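J.: how would this look folded up:
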Amino acid sequence: MLGICYMRILVGPFKITKEGIGYILYIFYNLELFYVGLAVGIVIALFFILFDVFYLKKKLQNNKNAMLVRVVLLFFIAAIVAGTHFLLEKVIDVI
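T.: Reported below is the predicted structural model:
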């Protein structure tokens, strides 16, 4: 969900009319949000799961704030992936 929300923020709302040819463009726009957002979300989830399993599991065994730390980490990883995506797409123009 974070990946799809990030792509929605990055791309913005659909500005063309949703009638005629605009409707076909609207469908492609939504599919693009889903597929690219899904890929970004998979990267975020992969990093979070790997970090959680190999590092946080040992550190947060008896911690009362374990869930809060995990949520903050999830948003931090999402911000890093978003920053890297922005850097590669807008600044370096690789993507």
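J.: For the rest of this, base every contact and every neighbour count on C-alpha atoms.
T.: OK.
J.: Count the neighbours of the residue lying closest to residue 66 once chain neighbours are set aside for me.
T.: The shortest distance from residue 66 to any non-neighbouring residue, by CA to CA, 6 or more residues apart in numbering, is to residue 60 (5.7 Å). When counting by other CA atoms under 10 Å, one arrives at 15 neighbours for residue 60.
J.: Could you list the low-pLDDT ranges of this structure?
T.: By pLDDT under 70, the low-scoring segments of the chain are 2, 94-95.
J.: As a check, name the ranges of all helices in it.
T.: 2-11, 21-51, 57-59, 66-86 (DSSP state H).
J.: same for the longest one, what does it pack against?
T.: By that I understand helix 21-51. Contact partners of helix 21-51 among helices and strands, from 3 or more CA pairs under 8 Å, 6 or more residues apart in numbering; DSSP states H and E: helix 2-11, helix 66-86.
J.: Now the first one: buried residues?
T.: By neighbour count, and taking 16 or more other CA atoms under 10 Å as the criterion, the buried residues in helix 2-11 are 2, 3, 4, 6, 7, 8.
J.: Check the last one too.
T.: Along helix 66-86, these residues count as buried under the neighbour rule (16+ other CA under 10 Å): 70, 73, 74, 77, 78, 81, 82.
J.: Show the contacting residues for the last one.
T.: With contacts taken as CA atoms under 8 Å, 6 or more residues apart in numbering, residue 82 has the following neighbours: residue 6.
J.: any idea which of the buried residues of helix 66-86 is the one closest to residue 93?
T.: Residue 93 has its nearest neighbour among the buried residues of helix 66-86 in residue 82, at 14.7 Å by CA to CA.
J.: Please work out which residues outside stretch 45-65 touch it.
T.: Contacts of stretch 45-65 (CA under 8 Å, 6+ apart): 66, 70, 73, 74, 77.
J.: my bad, stretch 21-36
T.: Here stretch 21-36 makes contact (CA under 8 Å, 6+ apart) with 3, 4, 7, 8, 14, 16, 17, 18.
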